[in-house]
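1. Sequence unavailable; structure follows:
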């Protein structure tokens, strides 16, 4: 119920203001439409009345555009929240995986005759994966380009 009222809040406010204007016009015996017409007739001598309808059309479309942009911002904010939640979960899973891989490293360290170059490569792969996870977690601008750049292979400084 609360969600529905929030969705039509402006309609409710518009209805309330309309009812207040109706009550005021009935209580004080005012005809607001006739007053508007009189005001437009007064503007006729300045030739401003021709601007009234185009301005109303312009402001109507500008208002619709503002509402559309606000909706797009809300959608983008929701997408960002979902992305961050997914990224956080992925970060958690990958960190658990990396921690569990330490068991294999300890076993390899304890195995006599295990190739030290393989251990060195293992350490390099783990470090690179950790760096990519950290890069993804620290993104502030979330789009396809920045995500791709965060996980792109790094060139070694020695090359």
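-> Good, I have the coordinates. Note that the structure is predicted; figures quoted are calculated from it, not measured. Numbers count the residues shown, from 1 in each chain.

2. which regions of the protein sit below the pLDDT cut-off?
-> Applying pLDDT under 70 to the chain flags residues 1-7, 49, 154-159.

3. Spell out for me which residue occupies the centre of it.
-> residue 77 (1.8 Å; C-alpha atoms, centre = their mean).

4. got the buried residues for whichever helix or strand residue 132 is part of?
-> Assigned by DSSP states H and E, residue 132 belongs to helix 116-137. Neighbour-count burial for helix 116-137 flags 129, 132, 133, 135, 136 (criterion: 16 or more other C-beta atoms under 10 Å). The C-beta positions use only the backbone N, C-alpha and C, and glycine is treated the same way.

5. got the contact list for the residue lying closest to the fourth one once chain neighbours are set aside?
-> Going back to what we said before, that points to residue 135. Nearest residue to residue 135, sequence neighbours excluded (C-beta to C-beta, 6 or more residues apart in numbering): residue 150, at 3.9 Å. Applying C-beta atoms under 8 Å, 6 or more residues apart in numbering to residue 150 gives the contacts 132, 135, 136, 139.

6. any chance of those residues in TSV, with distance to residue 107 too?
-> As requested, these are exported to TSV (distance: C-beta to C-beta, whole Å):
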residue	distance to residue 107
132	25
135	29
136	29
139	35
